[in-house]
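Chemist: Sequence unavailable; structure follows:
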């Protein structure tokens, strides 16, 4: 995977901030696919904030960044991502771990193709 875009945004409630990361899969069966990650780095929920900060620390470690001051420092650095189906929404994927390229990930990568929508389903943008 590689991060190609990042933004720091306010939460919907306006009480915190999250980092939105757009990642591209670089190789394998899912090459070219994209996945997004939202990290609640400043949140009224301490648990959400702790989870996001731990994920960001693991990502930084995987790409070799010791001290990140700008999200752009995360761009264009290859890494491995362990991915599984979201427990709350089986049509979505979620990242469960990060590892440096050339190492075995903590969890085996398991990208899962989303089910194809029914041919007669209305398009969300329609």
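Modeler: Sure thing, it's come through. Source: prediction; values computed, not measured.
Chemist: quick one: pLDDT of the spatially closest residue to residue 92 that is not a sequence neighbour?
Modeler: Excluding the flanking residues, the one nearest residue 92 by C-beta to C-beta, 6 or more residues apart in numbering is residue 86, at 4.2 Å. In this view, the C-beta of every residue, glycine as well, is placed from N, C-alpha and C. Note for residue 86: predicted pLDDT of 86.
Chemist: can you give me the strands for the chain?
Modeler: In the chain, the strands defined using DSSP state E lie at 2-10, 17-24, 34-42, 80-85, 93-99.
Chemist: coming back round to it: settle this for me: the residue nearest to residue 92 is touching residue 37, isn't it.
Modeler: No. When contacts are counted by C-beta atoms under 8 Å, residue 86 is not listed as touching residue 37 (11.8 Å).
Chemist: Please work out how many residues are found near residue 95.
Modeler: For residue 95, the neighbour count with other C-beta atoms under 10 Å is 19.
Chemist: give the contact list for it.
Modeler: By C-beta atoms under 8 Å, 6 or more residues apart in numbering, the contact set of residue 95 is 35, 37, 55, 81-83.
Chemist: Cool, thanks, signing off.
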